[in-house]
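Peer 1: coords please:
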Amino acid sequence: MTSPRRYSTPNVPSDAQPSESGLLGPIEVHAICQALGVRPTKTLGQNFVHDAGTVRRIVRDAGIGEGTQVIEVGPGLGSLTLGLLEAGAQVRAIEIDPVLARALPVTVAQRMPEAAERLHVINRDAVQINGLEDFEDDWPAPTHLVANLPYNVAVPLLLSMLESFPSLESALVMVQAEVADRLAAQPGSRTYGVPSVKAAWYGTTTRAGTIGRSVFWPVPNVDSALVELQRSKTPRGDTSLRLATFEVCDTAFSQRRKTLRAALKNWAGSAEAAQELCDRAGVDSSIRGEKLGIDDYVRLGSVLLEMRAEGKIHLPEQDRYAKERRAAGDLGGAPQESEQGGVEQPRA
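Peer 2: From the prediction side, this is the model:
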């Protein structure tokens, strides 16, 4: 049996001092990595925070306090996890790296033993988490998402968590600055696009500040920012409407320099069908998709369901939402009336 491979790490800054805060400083981050034989990888988007002030700022801005139910995606070595636990939260942490997933409870037990029972770690890919049943615990439903998201998959991770956990009231996540700008962008702006629309389905998104590169190890090659999403009190619709809305949005932005009529015509089957979709939704077909807000896209999604039920627009052969449609029992048309009367909603 071979021994774990050891990786060299860059020198610790000469002015670094052992952390007295209970959180992880540069010395602790390097020591844990060396002990585990861990070398941060770009594939998993691993950049570990080692600044206690930054961690506490994130926890404070997220509104975390005694008893707050938190989901953290990609806890890594536990820098943010310790900050959340320090504030009194119960933390469900999802870590894809098996070595880090096993090590995190040990780190917490050593540095903050009184908080060990308030941490629950699962070794899974976060985008494959479907809900509370995947955690197999009896804690209350989570209300806050707080995370340093891997930059290469930040948007799908955020959307996946919001969809899988309807109980989430807010999310405060650290992402690449460019991604933060896109998520928080408003219609008509240069950075407005698919992430902006899909985040708006769930609530109001704002850019919540910048994060310096020097608080990470290894130092990233891009700037970082915090983005906050406050979930809307009233859901915009069911799974069928969400998927229809997202499908129209994807199509409109796939050719963002074209008018809606031109961008949608091949997908809809004809220019006439695209025009009817826009007319029935009360949307000007001569403008570009980047000018439409979430309410416009929701109306287009609602009319799309009606036109599918009427046989006027068919599901695309390459349906990127096929798996979600099947899981929801959704055939892509309008909700059908049940035998007992009333509208039968898709299964979640």
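
Peer 1: Which other helices and strands does the helix or strand containing Ala273 contact?
Peer 2: Here Ala273 sits within helix 271-281, counting by DSSP states H and E. Other helices and strands packing on helix 271-281, by 3 or more C-beta pairs under 8 Å, 6 or more residues apart in numbering; DSSP states H and E, are helix 260-268, helix 294-309. For every residue, glycine as well, the C-beta is placed using N, CA and C.

Peer 1: How far off centre is the longest one?
Peer 2: Offset of helix 294-309 from its chain centre (C-alpha atoms, centre = their mean, to the nearest Å): 24 Å.

Peer 1: same deal with stretch 318-332?
Peer 2: 20 Å.

Peer 1: ends of stretch 257-276, how far apart?
Peer 2: Start-to-end span of stretch 257-276 (C-alpha to C-alpha, to the nearest Å) is 21 Å.

Peer 1: list the buried ones in that stretch?
Peer 2: 259-261, 263-265, 267-268, 273-276 (16 or more other C-beta atoms under 10 Å).

Peer 1: ditto for stretch 180-192
Peer 2: So for stretch 180-192, counting by 16+ other C-beta under 10 Å, buried means 180-185, 187, 191-192.

Peer 1: now swap in stretch 157-175 and tell me
Peer 2: 157-165, 168-169, 171-175.

Peer 1: among these, which are in helices?
Peer 2: Those of the buried residues of stretch 157-175 mapping onto helices are 157-164, per DSSP state H.

Peer 1: what's the closest of these to Glu306?
Peer 2: When these are compared for distance to Glu306 (C-beta to C-beta), Glu163 comes out closest, at 23.5 Å.

Peer 1: Now do the contacts for the closest one.
Peer 2: Counting by C-beta atoms under 8 Å, 6 or more residues apart in numbering, Glu163 makes contact with 202, 242.

Peer 1: and what of Leu145?
Peer 2: Shown in contact with Leu145 (C-beta under 8 Å, 6+ apart): 70-73, 158, 161-162, 165, 168, 170-173.

Peer 1: Show the residue spans covered by the strands in the stretch 101-250 of the chain.
Peer 2: Secondary structure of the stretch 101-250 of the chain, counting by DSSP state E, counting those that start in this stretch: strands at 119-122, 144-148, 170-176, 203-211, 216-217, 224-231.
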